[in-house]
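what's the 3D shape of this:
(one chain, ligands or ions: 1)
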Amino acid sequence: MFSQRIEGLRPSPIRAILDVIDRPGMISFAGGLPATDTLPQLSGVVPASTLQYGPTEGEPELRAAVSRQLRGLGVDAPPDRVMILSGSQQGIDLAAKLFVDPGTPTAVEYPTYLAALQVFRFYGARFVDLADPDSARTALAYVVPTFANPTGACASDAERDRLAARCLRDGTVLFEDDPYRDLVYDTCDRTPIAARMGGSSWIYQGSFSKTFAPGLRLGFIAASDDLFDRLVMVKQATDLHTSRLSQHIVLDAVTDPGWGARLDRLADFYRSRRDVFDDALTRHFGDLATWETPRGGLFFWLHLTRNVDTRGLLDAAIERGVAFMPGEEFSPDRPSIGTMRLNFSHADTDQTDRGLGILADLLRS
Ligand SMILES: Cc1ncc(COP(=O)(O)O)c(C=O)c1O
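Alright, predicted model coming up:
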């Protein structure tokens, strides 16, 4: 089940000791901890202990807050099986380290998140299309079922059930990546697939990048009992732990009584950006492309009516001051020709109108 590199992995004895040194009265000659008195005083901002080394799994209060949220979604994630990540991108790296050797069959959606492909490719994954019914049994199935990157698609309840059943039947580890679930503009099925994996192996991760601040680099991961400790060990060997300062800031935000209202306001804001974008697309791209209005997330996924490889348009678009992502890049092989990913969260109304006008002109010429 696991990659060869995991065979030699042992828990770090230093990390185990660091876990106990915060106990009252403990005298520590272990570890290389700076004297707490020497740490910078960010007066009134954070307690000095926040600037000391911390536990690999993350701050207990933040793990508990994430656990509450996940259990509310039906995911079997007690606090001791939640780990805070240095961005959810790190979760992809940890999972790939845990499972992927050169040549390991790894199932992904076609198209899928570009930077996940980059990580899996780095460890030598052999990609298999999740939609291919004849695909060989794979160790791992990586999916973004809710407001996917790049397509914005949201899997139905039936599709989620089917994938869970398939993973259970084939002994495939489900790896569900869910950074967009709170950016929801219209109702749709969003119950995690991980909530349907009773008794089998799964990894579920989320992020505070889209709902709070990407620069803090904060995400979280939860996993079934058979996987969690190994993920912790891999993180130990990767970065010891996630920034405690970032965790402190996010803990304050998510435990604030106004957090739910903040998510609602965010969804309202992006819903109106999505609608503005949809209208502008209809004006400029009505005869050039087809698309489905995304019910959440941050992207429109366009299928051009003509078979143009949009990678060839990028330089000219950038020269005219507009950037976009050619859709061809998002599949590990056999690029989906004639597709574009357009983000609608960043540009304002005027920029959206001008940018789409320029792109449409380019395509016409
Ligand atoms: C599907 C998906 N997973 C993971 C990430 C990484 O997010 P983070 O900022 O939490 O590392 C992204 C970022 O865009 C994403 O789209």
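
For the stretch 101-250 of the chain, just list every one of the helices.
All helices of the stretch 101-250 of the chain, identified by DSSP state H, counting those that start in this stretch, fall at 114-122, 157-170, 225-239, 244-254.

Show me the contact partners of the longest one.
Right, the one you point to is helix 225-239. 2, 6, 9-12, 15, 56-57, 81, 83, 85-86, 90, 93-95, 97-98, 173, 201-203, 221-223, 241 (CB atoms under 8 Å, 6 or more residues apart in numbering). C-betas here are computed from N, CA, C, even on glycine.

Ok, which of the helices of the stretch 101-250 of the chain comes nearest the ligand?
Closest approach to the ligand among the helices of the stretch 101-250 of the chain is made by helix 114-122 (6.4 Å; CB to the nearest ligand atom).

Mind giving me the packing neighbours of that closest one?
helix 88-99, strand 105-108 (3 or more CB pairs under 8 Å, 6 or more residues apart in numbering; DSSP states H and E).

Neighbours of residue 59, how many?
20 (other CB atoms under 10 Å).

does residue 129 really touch residue 106, like I thought?
No - in this structure residue 129 lies outside contact range of residue 106 using CB atoms under 8 Å: 10.8 Å.

if we can go back for a sec, would you turn the helices of the stretch 101-250 of the chain into CSV with distance to residue 269, mean pLDDT and mean neighbour count?
Listed next are these as CSV, based on distance: least, CB to CB, whole Å; pLDDT from 0 to 100; neighbours: other CB atoms under 10 Å:
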stretch, distance to residue 269, mean pLDDT, mean neighbour count
helix 114-122, 25, 96, 18
helix 157-170, 28, 95, 16
helix 225-239, 33, 96, 18
helix 244-254, 17, 96, 20
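
As CSV, those helices with distance to the ligand would be great.
Formatted as CSV, the helices of the stretch 101-250 of the chain follow (distance: least, CB to the nearest ligand atom, whole Å):
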stretch, distance to the ligand
helix 114-122, 6
helix 157-170, 16
helix 225-239, 13
helix 244-254, 11
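
of the ones you listed, which approaches residue 364 most closely?
For residue 364, the closest of those is helix 114-122, at 27.3 Å, according to CB to CB.

now the angle from that closest one to helix 88-99?
30 degrees (axes from the mean of the first three to the mean of the last three CA atoms, to 10 degrees).

Neighbour count for residue 129 and residue 106, which is higher?
Set residue 129 next to residue 106 and count neighbours by other CB under 10 Å: residue 106 wins out with 28 against 17.

how many neighbours does the residue lying closest to that one once chain neighbours are set aside have?
Leaving aside its sequence neighbours, residue 106 sits nearest to residue 125 (CB to CB, 6 or more residues apart in numbering; 3.9 Å). Neighbour count for residue 125, taken as other CB under 10 Å: 27.

Repeat that for residue 94.
The burial count for residue 94: 24, using other CB under 10 Å.

what do you get for the one 3 residues further on?
Counted with other CB under 10 Å, the burial measure for residue 97 works out to 23 neighbours.

do you know how far it is from the ligand?
16 Å (CB to the nearest ligand atom, to the nearest Å).

re the thing from before, now the helices of the stretch 101-250 of the chain in JSON lines, with distance to residue 65?
Shown next, in JSON lines, are these (distance: least, CB to CB, whole Å):
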{"stretch": "helix 114-122", "distance to residue 65": "26"}
{"stretch": "helix 157-170", "distance to residue 65": "25"}
{"stretch": "helix 225-239", "distance to residue 65": "18"}
{"stretch": "helix 244-254", "distance to residue 65": "5"}
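
Mind giving me the PyMOL select for the contacts of helix 225-239, buried ones only?
Buried residues among the contacts of helix 225-239 (16 or more other CB atoms under 10 Å), as a PyMOL selection:
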select buried, resi 2+9+15+56+57+81+83+85+86+90+93+94+95+97+98+173+201+202+203+221+222+223+241
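
ok, which residues in the stretch 1-150 of the chain are in contact with the ligand?
87, 88, 89, 113, 144, 149 (CB under 6 Å from any ligand atom).

nearest residue to the fourth one other than its sequence neighbours?
Going back to what we said before, that points to residue 113. Per CB to CB, 6+ apart, closest to residue 113 is residue 149, 4.7 Å.

Quick one: neighbours of residue 152, just the number.
There are 23 residues near residue 152, going by other CB under 10 Å.

Just confirm it contacts residue 301, I think it does.
Yes - here residue 152 reaches residue 301: they are 5.6 Å apart, a contact under CB under 8 Å.

biggest helix in the protein by residues?
Of all the elements of type helix in the chain, the one with the most residues (DSSP state H) is helix 259-285.
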